[in-house]
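**Student:** below: sequence and its predicted model.
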Amino acid sequence: MAERAPEGWDGVEQRLWEAYRQGEILDLRTGEADTDDPFGDALWGPERTVRAEVLAHLLLAGPKPAPGRVASLRLSGVLVTGPLTLAGATIDRYVELQGCRFEQKILISEAAASTLRFVSCLIPRLEASRLSTTGDLHLARCRVPEGIRLTDSKIGTDLLLNQTVVGGDRYARAISADGITVNQDFEAERLETNGELSIRTARIGGRLSLRGAQLRAVPQKNRVCLNAVRVNVGHTLYLTGSADGGWADSRGYYGSGYGRVPAPDGPITPFRAWGQVRLSDSRFDSACLISGEFHLEGDDELSLRRIQTPELRFSCKSRPTGKVSLSRARVGNLVDDPQAWPLGRHLGLTGFVYENLRPIKPFTIQQRIAWLEGSSVDFQPESYEQLAAALRRDGADDDAREVLYAKQRRRRRTLPLPARVWGAVQDATVGYGYRPGRAGLWLLLAWVLGSIWFATHPLEPLKADERPHWSPVLYTLNQLLPIVDLNQGGWNPGGLTQWISAGLVVIGWLLASTVVAGATRMLQRG
């Protein structure tokens with residue numbers, strides 16, 4: 001292979017040839033911030049220009065490295081003209097471009113590479129479907145106005161899109177990465193998109209981090225801003241805020257963690273989504289953390305349907321403006337804030353299963369019942385049973401009974417009129433069996449009223465030749481407690497008094513059994 005650059009290469013391209021052999025950076029920056037800004041308006045002339053075909057030549061048929069060197073393509077502050085076409089190529093050299101401009105799109109579909117780093121670069125469009133890398137793919141701090149395509153790609157280690165700004169294609173898709181596999185972390189912190197971010201059926205071995213991301217749908221074409229259906233994440237999903245201090249004066253590719261350590265009470269840029277967010281049927285092996293802002297209009301929805309995760313943390317600072325659906329989701333710990341959930345029957349809880357409740361802030365049982373009854377569908381008894389079971393596991397038996405009582409009251413509204421009337425009687429008298437104290441008060445009132453009646457209407461003895469001592473108080477109590485014999489059976493009620501006596505027996509059976517059941521539960525807890 002020739003040791004000199006091919007004929008027809010200009011001076012800048014010949015310098016790049018030698019820098020490639022030496023494994024050094026070709027840095028064409030001037031040192032002036034305005035002039036070197038790849039996203040600015042400053043013109044870059046021939047002294048900073050390299051043809052895309054030169055880069056392709058070096059990567060596909062480049063010279064041997066200089067003795068004791070490792071060949072690599074490393075550029076800073078360079079304008080690349082023409083389309084960079086590497087579809088189907090095998091790239092075994094390290095590639096790193098910082099602060100560069102591309103006039104036309106980069107095409108690396110179905111290519112195989114080690115590590116590719118594009119940092120703070122202006123790239124009109126990146127076509128990289130079915131790309132396979134053994135190392136990282138970095139696109140940090142880039143601007144890609146016409147979108148990124150990474151469908152079915154396989155990234156050997158990390159995929160980084162931190163602080164990148166991406167526009168949409170003609171279908172309003174900013175990032176199309178359906179079926180992508182990332183063996184370690186997928187970081188897109190402070191990512192800004194104007195179009196859909198789609199990672200359907202993705203498999204991510206580590207974290208999926210969208211801290212501080214700003215995702216905007218294009219409602220006229222596509223109302224979805226994040227489509228992460230059937231995603232498998234080996235660690236944690238972050239739809240949370242990003243501390244501003246972690247990005248200031250950072251010189252690393254990643255931003256967070258490379259600058260100053262942010263103050264714990266410092267300003268935070270929240271995750272924001274304008275449009276539908278779909279996480280349905282996804283699995284997060286460690287946790288799913290959601291504390292962003294969700295601006296949902298019309299039928300837009302934050303869909304968490306059928307997700308599975310050991311912990312769901314839902315702690316939005318402002319309530320989502322549309323529907324949040326957790327139908328058929330299964331989580332271990334539900335960590336939430338009463339002020340985080342939407343209002344106005346914009347909550348879907350059908351079949352939502354959770355093991356434990358771990359609220360961040362005080363979440364009273366009445367608030368929790370209102371959370372249930374704020375569901376977007378009609379009465380669902382299984383939702384009340386699920387909540388009561390979770391409370392019992394935490395030892396909150398009284399709260400569990402409160403939930404089951406609310407269930408009966410809510411059920412009554414769905415019944416025909418006669419059943420509603422009978423339900424109202426049960427509610428007023430015994431609280432559907434969950435208010436034994438109320439039954440005791442009614443029992444006491446019946447005792448008082450019965451005693452007054454019998455005090456003014458004494459009974460005749462059952463046997464004329466026997467006249468036991470008459471006690472209206474004990475006689476009334478004997479009728480109310482029919483399983484207890486207070487030796488008051490020698491009297492013969494008749495007429496209206498007989499009906500009153502029978503009524504006291506019926507009332508006693510209904511109310512006394514409720515009181516005894518309540519007392520038994522208290523003794524068992526003791």
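**Tutor:** Thanks, I have the structure now. Residues are numbered from 1 along each chain as shown.
**Student:** which residues touch G348?
**Tutor:** R305, K323, V324, S325, L326, S327, S375, S376, V377 (C-beta atoms under 8 Å, 6 or more residues apart in numbering). (C-beta placed from N, C-alpha, C; glycine too.)
**Student:** quick one: the fourth one from P342, how far?
**Tutor:** Just to be clear, that refers to S325. Using C-beta to C-beta, to the nearest Å, S325 is found at 10 Å from P342.
**Student:** and L60, backbone torsions?
**Tutor:** Backbone torsions of L60, given as degrees, to the nearest 10, read phi -100, psi -30.
**Student:** once you drop chain neighbours, what's closest to it?
**Tutor:** In space, L60 comes closest to A89 once its chain neighbours are excluded; the distance is 5.8 Å by C-beta to C-beta, 6 or more residues apart in numbering.
**Student:** quick one, phi/psi of the one you found?
**Tutor:** Per degrees, to the nearest 10, the backbone of A89 is at phi -80, psi 160.
**Student:** my read is that it contacts A61, right?
**Tutor:** No. The criterion here is C-beta atoms under 8 Å, and A89 misses it with A61 at 10.5 Å.
**Student:** higher neighbour count, the two?
**Tutor:** A count of neighbours by other C-beta atoms under 10 Å puts A89 above the other of A89 and A61, at 17 against 9.
**Student:** and that one, what pLDDT?
**Tutor:** Looking at A89, its pLDDT reads 95.
**Student:** which residues touch it?
**Tutor:** So A89 contacts A56, L59, L60, I108, A111, A112 (C-beta under 8 Å, 6+ apart).
**Student:** just the buried residues of whichever strand or helix holds the second one, please?
**Tutor:** Which is L59. Using DSSP states H and E, L59 sits in helix 52-61. Residues A52, V54, L55, A56, H57, L58, L59 are the ones in helix 52-61 that count as buried (16 or more other C-beta atoms under 10 Å).
**Student:** list of residues touching the helix or strand immediately after that helix in the chain?
**Tutor:** Heading C-terminal from helix 52-61, the first helix or strand you meet, by DSSP H and E, is strand 72-76. With contacts defined as C-beta under 8 Å, 6+ apart, strand 72-76 is touched by 16, 19-20, 23-29, 50, 55, 58-59, 93-100.
**Student:** buried subset of those residues, written for PyMOL?
**Tutor:** Buried residues among the contacts of strand 72-76 (16+ other C-beta under 10 Å), as a PyMOL selection:
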select buried, resi 16+19+20+23+25+26+28+50+55+58+59+93+94+95+96+97+98+99+100
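**Student:** keep only those of the contacts of strand 72-76 that are in helices.
**Tutor:** Of the contacts of strand 72-76, the ones assigned to helices by DSSP state H are L16, A19, Y20, L55, L58, L59.
**Student:** pull the CA atoms of stretch 359-372 into PDB?
**Tutor:** Extracted C-alpha coordinates of stretch 359-372, given in PDB (Å, rounded to 0.1, in the frame of the first residue of the first chain):
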ATOM      1  CA  PRO A 359     -45.600   6.900  49.400                       C
ATOM      2  CA  ILE A 360     -43.000   9.600  49.300                       C
ATOM      3  CA  LYS A 361     -45.300  12.000  51.200                       C
ATOM      4  CA  PRO A 362     -48.200  11.400  53.500                       C
ATOM      5  CA  PHE A 363     -50.900   9.600  51.600                       C
ATOM      6  CA  THR A 364     -54.100   9.300  53.800                       C
ATOM      7  CA  ILE A 365     -56.500   6.500  53.300                       C
ATOM      8  CA  GLN A 366     -59.200   8.900  52.100                       C
ATOM      9  CA  GLN A 367     -56.800  10.300  49.500                       C
ATOM     10  CA  ARG A 368     -56.000   6.700  48.500                       C
ATOM     11  CA  ILE A 369     -59.700   5.900  48.100                       C
ATOM     12  CA  ALA A 370     -60.200   9.000  46.100                       C
ATOM     13  CA  TRP A 371     -57.200   7.900  43.900                       C
ATOM     14  CA  LEU A 372     -59.000   4.700  43.300                       C
END
